[in-house]
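# I need the structure of the sequence given here:
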Amino acid sequence: MSSYDGLKTIDILLVEDSKSDAHLTIETLSESRILNQLHWVKDGAEAIDFLYKQGQYHEAPRPDLIVLDLNLPKKNGREVLAQIKSDENLKTIPVVILTTSVAEQDILKSYRLQANCYLVKPVDLDRFIAVIKSIENFWLTAVKFPPSED
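Coordinates of the predicted model:
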């Protein structure tokens, strides 16, 4: 659904091919004081299926927030981001880029494709958890999400 009202569960789509990063993200967000339902897909093609409710995702909810890695198999994160932001029904969903890339061209291209923010995954475990908690503290606590358009 669209905004946190104290009772609403926030649906988060995590698009991440690293099993360890995904599990750590899921574990960290499961400890959140904000109700959230995290849906994990492992590649860009699955992300598109989820967003368009295709195949095994025919009952998928519309996510309130997408956390997207750039370096994905099948369809990379840049392609997924471009498709999301070019679709009238999806483009209002905030997209947080969470990736290992520090390349200036990736940062610039992500913002040109209308990413809502760009975070670099730290290698250090404690710093990684801190970055995930920063997503929680900002996106799940302070942000008012746009209403669903579907």
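
# Show me where the chain has its strands.
Assigned by DSSP state E, the strands in the chain fall at 10-15, 36-41, 65-68, 95-99, 117-120.

# strands paired with the last one, and their directions?
With DSSP bridges as the criterion, the sheet partners recorded for strand 117-120 are strand 95-99 (parallel).

# likewise the first one?
As defined by DSSP bridges, the strand partners of strand 10-15 come to strand 36-41 (parallel), strand 65-68 (parallel).

# Show me the one of the ones you listed that comes nearest Lys19.
Lys19 sits nearest to strand 36-41 of all the strands paired with strand 10-15, at 9.4 Å, using CB to CB. In this view, the C-beta of every residue, glycine as well, is placed from N, C-alpha and C.

# got the buried residues for the closest one?
Neighbour-count burial for strand 36-41 flags Asn36, Leu38, His39, Trp40, Val41 (criterion: 16 or more other CB atoms under 10 Å).

# beta partners for the fourth one?
According to DSSP bridges, the residues that bridge with Trp40 are Leu14.

# average pLDDT for stretch 120-137?
Mean pLDDT, stretch 120-137: 89.

# list the buried ones in that stretch?
Neighbour-count burial for stretch 120-137, with 16+ other CB under 10 Å as criterion, is recorded at Lys121, Phe128, Ile129, Val131, Ile132, Ile135, Glu136.

# cool, stretch 27-37 as well?
Going by 16+ other CB under 10 Å, stretch 27-37 has these buried residues: Thr28, Leu29, Ser32, Asn36.

# mind checking how far that stretch is from the chain centre?
Stretch 27-37 sits 14 Å away from the centroid of its parent chain (CA atoms, centre = their mean, to the nearest Å).

# ok, the residue most central in space within the chain to Gly44 distance?
In the chain, the residue lying closest to the centroid (CA atoms, centre = their mean) is Val67, at 1.6 Å. According to CB to CB, to the nearest Å, Val67 and Gly44 sit 13 Å apart.

# which residues are common contacts for these two?
Common contacts of Val67 and Gly44 (CB atoms under 8 Å, 6 or more residues apart in numbering): Val15.
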